[in-house]
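Novice: Mind folding the following:
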Amino acid sequence: NMWKAKKRSFPGAEPNSSIKKQKVTHNSETTQTTLDLYLTKTSQKPKETSLVLELSDSDKSDSEDTVTMAPEELKFDVERIQYDLTAEATGVADKWDDFHVKLASSPSNTYRLVSDPSRTLPKWNLIMESLSADMKSGTAIRDAILSYNPRQANKWDFDGLRFFLKKSLSVEERETFFGHTLPFMKNLALRLPELINQPIPILFSSMEGSIMLSQLQIACLMANMFFCTFPMRNTWGSDLPSVNFNQLYSQPCDKSKQGKLRCFIHYFWRISQQTPVGNVSFTRQVLDEFPEWEESTKQFCPLIASCYGTIEDDGTDMLQVDFANKLIGGGVLGHGCVQEEIRFAINPECVVSRLFCQELKSNESIIIKGAERYSNYSGYSKTFQWTGDHVDNTSRDSLNRLNTEIVAIDAIKFNNPLSQFSSEAILRELNKAYAGFYKANSSAPSDNTPVTRDHRGCATSEGDIHVTRDHRGCATSLDDTPTSSGNIPVATGHWGCGAFRGDKQLKSLIQLMAASHSNRSVRYFTFGDRNFQQQLESLYTILIKQKITIGKMMNLFIEYSELLNKEEYAVEDPPSLFEFILETLSREAYPHQDRREERERDDEDEEKTDPFSGDEST
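Specialist: Numbering: from 1, shown residues only. Below is the predicted model of the structure:
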């Protein structure tokens with residue numbers, strides 16, 4: 001029998017805590033009863049209170065019972081959940097509740113007749129009718145979308161979409177879009193009940209879990225996002241990202257927004273030519289335990305810094321960092337067009353994560369494996385533009401996923417840049433990076449060898465680590481690193497250093513520290529900044545030479561934070577973090593030289609203050 005909680009209370013939790021979901025399963029054969037709880041905002045396990053549930057048999061409403069469970073009987077560890085939606089459905093095909101994605105094809109998705117408000121009809125019938133109509137213009141697309149979203153008629157702006165289709169596309173491109181790509185997209189969207197035949201659960205905050213979808217299922221969901229068929233978001237919609245494309249259709253339709261629209265339309269054209277056959281997994285990783293950073297005796301992992309290349313182009317077979325927003329995808333469906341939005345535009349299958357990934361907390365990351373790249377691009381932010389087709393030749397794993405692994409970690413946005421050097425902010429960013437880089441069962445030590453550089457100033461070797469180079473003489477891979485620890489390297493760059501105002505020097509060291517504790521090497525892209533590449537490599541060489549530990553670096557951070565709080569730096573520029581670290585390590589490595597220089601300075605000061613020094617006539 002399946003039991004459901006009719007009344008519940010949870011004493012001892014925070015005022016705003018709640019039980020999101022409860023299920024009690026009773027096995028009559030083993031007389032064993034299990035209780036599954038999904039809790040939010042719970043401060044700690046109650047010590048002197050009990051959880052009381054009034055239970056009723058879901059099949060027999062007149063059968064009720066009350067169960068009182070003592071604190072020691074409650075198990076508060078939420079087990080990892082995995083959903084493979086590519087498998088053949090075996091249970092309920094639809095769930096219209098706060099724990100699953102609400103689909104347009106659900107029988108519960110209804111609308112009321114204007115002529116008779118007491119009657120409700122399935123909205124999916126209306127959607128099918130609207131998307132079956134002929135569309136030859138942006139206005140026709142708008143009319144179809146508003147036919148099943150009538151309340152948004154005065155809110156949603158489609159002028160950007162109409163401008164894009166009329167002014168941005170060439171005559172030939174418009175003919176291809178309206179004559180081939182758009183009809184394919186409509187048919188694909190209408191296959192929703194066929195392709196998504198089991199409920200898609202929401203990966204809530206603090207709940208570790210994984211969802212796997214086929215690329216065809218993702219394409220179907222993307223088509224429904226394009227046509228804005230998704231109903232209103234769930235009850236906790238404020239911490240779930242938007243999913244319909246309506247914001248992408250509004251004015252102003254600047255160059256970057258046109259670039260994103262081209263990426264998405266090209267994606268649909270590509271899959272209309274050849275149906276994708278792989279899978280993509282989306283994993284929410286949640287950590288409850290973190291290293292004692294100040295006490296760590298680990299040394300720094302291998303590093304290659306490169307002023308050439310990008311994460312997506314040159315991070316093959318690496319864990320590629322997405323400089324994420326806490327709402328995954330950031331402004332990809334709006335006006336945003338920086339690192340995360342660009343990555344989601346050229347790898348459109350990443351966008352589907354917005355359907356079921358709740359806002360990221362400080363101890364969480366989202367890992368996307370298998371998303372295919374379809375587009376090339378140039379520029380950044382306002383200069384971003386689509387430049388053509390991209391054929392992704394990445395190999396596949398045993399689950400038929402491309403070996404492209406993207407990890408989304410969100411940095412803090414600092415209104416006051418100096419606040420990022422506080423112990424609390426540094427600890428938060430360290431733990432966040434570690435939550436993204438961590439992989440279970442990886443304890444092998446990593447090599448610690450300084451980099452050498454070629455005549456162009458680019459890394460060329462790391463001792464015993466084999467490094468291959470491109471035609472420019474720049475390092476392109478850390479081939480042997482994965483075999484030493486079992487973990488692929490991290491491909492990253494200036495995480496959180498753009499609009500979020502993070503300090504490049506601090507963020508680079510934080511990521512190195514987190515990767516070192518995760519037994520990963522690092523490929524750091526400076527995006528054309530040769531000066532920073534050389535600074536980072538120079539400091540790294542000294543860190544390795546002096547065998548500086550992660551704990552030592554954490555304490556240097558604390559010392560630097562204390563230095564910034566001194567009054568003299570309220571009116572003058574303090575040394576940079578790298579300068580401070582180099583000076584401190586030099587002073588500690590050569591204490592006698594430091595004292596000699598100090599005595600020489602004292603002697604010079606005495607000569608300056610002695611009224612008779614240096615004056616022979618006196």
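Novice: For stretch 540-549, what does the pLDDT average out to?
Specialist: Average pLDDT, stretch 540-549: 97.
Novice: pLDDT below threshold where in the stretch 1-150 of the chain?
Specialist: Scanning the stretch 1-150 of the chain for pLDDT under 70 picks out 1-81, 88-92.
Novice: ignore the last one, the chain
Specialist: 1-81, 88-92, 234-238, 441-485, 567-571, 592-618.
Novice: Can you pull up the most central residue in it?
Specialist: Ala408 (1.8 Å; CA atoms, centre = their mean).
Novice: Could you check how far that one is from Ala324?
Specialist: 4 Å (CB to CB, to the nearest Å). Any C-beta I mention is one placed from the backbone N, CA and C, and that applies to glycine too.
Novice: Now the common contact residues for these two.
Specialist: Common neighbours of Ala408 and Ala324 are listed as Glu340, Leu360, Ile366 (criterion: CB atoms under 8 Å, 6 or more residues apart in numbering).
Novice: Secondary structure element for the second one, which one?
Specialist: This means Leu360. Using DSSP states H and E, Leu360 sits within no helix or strand.
Novice: Report how many residues lie close to it.
Specialist: 24 (other CB atoms under 10 Å).
Novice: Without its sequence neighbours, what residue ends up closest to it?
Specialist: Distances taken as CB to CB, 6 or more residues apart in numbering put Lys326 closest to Leu360, at 4.7 Å, once the chain neighbours are dropped.
Novice: and what of the first one?
Specialist: With CB to CB, 6+ apart as the criterion, Glu340 has its nearest non-adjacent residue at 4.8 Å, and that residue is Gly330.
Novice: how about the one you found, what does it touch?
Specialist: Ala324, Gly336, Val338, Glu340, Glu341.
Novice: same deal with Pro417?
Specialist: Arg501, Gly502, Asp503.
Novice: Select from those residues the one having the most neighbours.
Specialist: Gly502 leads those on contacts (other CB under 10 Å) with 24 neighbours.
Novice: Got the phi and psi for the nearest residue to it once chain neighbours are set aside?
Specialist: Excluding the flanking residues, the one nearest Gly502 by CB to CB, 6+ apart is Gly496, at 3.8 Å. With angles defined as degrees, to the nearest 10, Gly496 sits at phi 70, psi 20.
Novice: Val522 now?
Specialist: phi -130, psi 130.
Novice: Isn't it up against Phe300?
Specialist: No - between Val522 and Phe300 there is no contact under CB atoms under 8 Å: 9.0 Å.
Novice: Overlap in contacts, the two.
Specialist: Leu512.
Novice: Who has more neighbours out of those two?
Specialist: When neighbours are counted by other CB under 10 Å, Val522 and Phe300 differ, and Val522 comes out ahead with 27 against 23.
Novice: I'd like to know how far that one sits from Leu131.
Specialist: The separation that Val522 has from Leu131, given CB to CB, amounts to 47 Å.
Novice: Can you name the residues that contact Arg354?
Specialist: Leu240, Pro241, Ser242, Val243, Leu327, Ile328, Gly329, Leu333 are the contacts of Arg354 under CB under 8 Å, 6+ apart.
Novice: Report whether Ser118 is found in a helix, as I expect.
Specialist: No - applying DSSP: H, G, I helix; E, B strand; the rest coil, one finds Ser118 to be coil, outside a helix.
Novice: if we look at stretch 548-562, which residues are touching it?
Specialist: In contact with stretch 548-562 (CB under 8 Å, 6+ apart) are residues 291, 293-300, 421-423, 426, 430, 506, 509, 513, 516-517, 542-543, 577, 580-581, 584-585.
Novice: element containing Gln285, please.
Specialist: strand 279-286.
Novice: Touching that strand from outside, list them.
Specialist: 86, 203, 206-215, 218, 349, 352-353, 356-357, 361, 363-371, 399-401, 435-436, 438.
Novice: Next step: the residues you listed restricted to strands.
Specialist: Among the contacts of strand 279-286, the members found in strands (DSSP state E) are Gly209, Ser210, Ile211, Met212, Leu213, Ser214, Glu364, Ser365, Ile366, Ile367, Ile368, Lys369.
Novice: Which single one of the residues you listed is nearest to Tyr377?
Specialist: Ile368 (18.7 Å; CB to CB).
Novice: Might you report the residue contacts of Glu429?
Specialist: Glu429 touches Ala411, Ile412, Gln420, Gly496, Lys507, Ile510, counting by CB under 8 Å, 6+ apart.
Novice: which residue sits closest to the first one, ignoring its sequence neighbours?
Specialist: So the one you mean is Ala411. Per CB to CB, 6+ apart, closest to Ala411 is Gly496, 2.6 Å.
Novice: Burial check on the one you found, number of neighbours?
Specialist: Neighbours around Gly496, by other CB under 10 Å: 27.
Novice: That one reaches Lys507, doesn't it?
Specialist: Yes - using CB under 8 Å, Gly496 is in contact with Lys507, at 5.8 Å.
Novice: Could you tell me which residues touch both of those two?
Specialist: Both Gly496 and Lys507 are contacted by Ala411, Glu429, under the criterion CB under 8 Å, 6+ apart.
Novice: which ones are touching the residue nearest to Ala411?
Specialist: By CB under 8 Å, 6+ apart, the neighbours of Gly496 are Phe323, Ala411, Ile412, Lys413, Glu429, Gly502, Lys507.
Novice: Quick check on those: which are buried?
Specialist: Neighbour-count burial (16 or more other CB atoms under 10 Å) is assigned, among the contacts of Gly496, to Phe323, Ala411, Ile412, Glu429, Gly502, Lys507.
Novice: what's near enough to touch the third one?
Specialist: With contacts defined as CB under 8 Å, 6+ apart, Ile412 is in contact with Gln420, Ala425, Arg428, Glu429, Gly496, Phe500, Gly502.
Novice: could those residues be laid out in CSV, adding secondary structure and distance to Asp116?
Specialist: Shown next, in CSV, are those (DSSP: H, G, I helix; E, B strand; the rest coil; distance: CB to CB, whole Å):
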residue, secondary structure, distance to Asp116
Gln420, helix, 60
Ala425, helix, 58
Arg428, helix, 55
Glu429, helix, 57
Gly496, coil, 54
Phe500, coil, 52
Gly502, coil, 57
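Novice: In those, find the pair that's most separated.
Specialist: Counting by CB to CB, the most remote pair of these is Arg428 and Phe500, 12.8 Å apart.
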